[in-house]
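**Q** sequence and computational prediction follow.
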Amino acid sequence: MLLLGDMELPPSGLIPTVEILDLVNAEGGVVIAAHPFRRVYTEHSQNLGDLVYELDLDGVELNAKCSKTENTLARKAAKIRNLALMGGSDAHRDQDLGRMVTGFYDPIEHEDDLILAIRAHRCRPLTYY
């Protein structure tokens, strides 16, 4: 999950996802589901999968490291839920930087501009690979 905004979250620890989303939304932030359908590679990680249809989200991320099928599922969920569609590189190596990014239709000068653009769907994923 990508949480954006000026908010005060509780101290770190195990907090149920729904409670965190409620806090972010109550404080005027936005919540983006990061690569929600990406295949899980370890026993300790999970993807959101079909929870994107239930959670209080503002957007869904397409990701350069996801398969075409995984990104197609994310795109479909965003369309069905009327959520903003974002792009992300998920870069852990220099050569992965900028392979997929989020483009905005309007200038983003402040965090408030970013939040408003996402809520208004004034953004789109852009690929460079």
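**A** Alright, I've got the coordinates.

**Q** so what does the helix ranked longest in the chain touch, helix or strand wise?
**A** Among the segments of the chain that qualify as a helix by DSSP state H, the longest is helix 68-81. In terms of contacts (3 or more CB pairs under 8 Å, 6 or more residues apart in numbering; DSSP states H and E), helix 68-81 is packed against strand 59-63, strand 84-88. To be clear about C-beta, it is placed using only N, CA and C from the backbone, and glycine gets the same treatment.

**Q** for residue 19, find the nearest of the ones you listed.
**A** Closest of the helices and strands packed on helix 68-81 to residue 19 is strand 59-63, at 19.8 Å (criterion: CB to CB).

**Q** that closest one pairs with which strands, and in what direction?
**A** strand 30-33 (parallel), strand 84-88 (parallel) (DSSP bridges).

**Q** rewinding a little: which other residues reach the longest helix of the chain?
**A** 33, 35-39, 52-53, 57, 59-63, 66, 83-85 (CB atoms under 8 Å, 6 or more residues apart in numbering).

**Q** pull out the buried residues from those residues.
**A** Taking 16 or more other CB atoms under 10 Å as the criterion, what is buried in the contacts of helix 68-81 is 33, 35-38, 52, 57, 59-63, 66, 83-85.

**Q** let's see the pLDDT reported for the one residue sitting closest to the centre of the chain.
**A** With distances taken as CA atoms, centre = their mean, the residue of the chain nearest its centroid is residue 32 (2.9 Å). According to the prediction, residue 32 has pLDDT 94.

**Q** over to residue 83?
**A** pLDDT recorded at residue 83 is 97.

**Q** ditto for residue 98
**A** 86.

**Q** again, but for residue 12
**A** Residue 12 carries a pLDDT value of 69.
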